[in-house]
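# only the shape, not the letters, is given here:
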C-alpha cells in the first residue's frame, strides 16, 4: 500500500459518498457465476489486493467492455457469453466524473488506453476509505461503470447483490446494431 499518494487519499476522503440502488449489467462466460469478482487487477483495481465485480450501468456499456477485451485476442472466441442483469444496493459508493478524475491528475478516463497508472490507485484508495463501490466513466461506451468491492468488510453479497436475468450475447447482431467493428 506504500504506492498510494497520501494527497490523493486525503482528496478522496473529503468527498461525499452516496447510496446506489439499481440494475447493472455484466457480460460473462456462460459457465461463470456473474456475482463472482476478480482480484486479477484492472483499470480501477490493483492486482491481487481485493476482489472487484466490474459492471456497467448500461447494457451496451457492458457489451462494449467485454467486446473490447475479446477483440484484442488473436482469435475472437465463439464461446457462449451471457449478458447478466444484477440488482445492486450499496450504502456507500464514490462517483467520480471525467472532470473530477482529470482534476486528480488522470488523463481523460474515457481514453481507451490511459498512459497513467492512476486508476488502480484511485480504486485502492476508494477501497481503503471503506467505500463499497466506485462509479466512473466507461472508456468503451458513453455511460458509467460501477466497480463493486466484494471484499469490503461492510459488504454482504446476499444483502447487496442479486442476480436477475441472463440473456445470450449475439456478437454479430450487436456489432451490426451499434456499428462496432
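Received the coordinates, thanks. Every value quoted in this text rests on a predicted model; they were computed, and no experiment measured them. Numbers count the residues shown, from 1 in each chain.
# can you tell me the closest non-neighbouring residue to residue 86?
Spatial nearest neighbour of residue 86, chain neighbours left out: residue 24 (5.4 Å); criterion: CB to CB, 6 or more residues apart in numbering. (Each C-beta comes from the backbone N, C-alpha and C, glycine too.)
# which elements pack onto the helix or strand harbouring the one you found?
Counting by DSSP states H and E, the element that carries residue 24 is strand 18-29. Contact here means 3 or more CB pairs under 8 Å, 6 or more residues apart in numbering; DSSP states H and E; on that basis strand 18-29 packs against strand 52-56, helix 59-71, strand 81-95.
# next structured bit after the last one?
Right, strand 81-95. Using DSSP H and E, the helix or strand that follows strand 81-95 in sequence is helix 98-103.
# that following helix - what's its average pLDDT?
Helix 98-103 comes out with an average pLDDT of 92.
# now tell me what touches the next helix or strand after that helix from outside.
Using DSSP H and E, the next helix or strand after helix 98-103 towards the C-terminus is helix 118-128. With contact meaning CB atoms under 8 Å, 6 or more residues apart in numbering, helix 118-128 is reached by 1, 3-5, 8-9, 12, 41-47, 49-50, 52, 94, 96, 101, 104-106, 109, 134, 136, 147, 149, 151-152.
# let's see it at 7 Å
Identification of contacts with helix 118-128 by CB atoms under 7 Å, 6 or more residues apart in numbering yields 3-5, 8-9, 12, 41, 43-46, 49-50, 94, 104-106, 134, 147, 149, 152.
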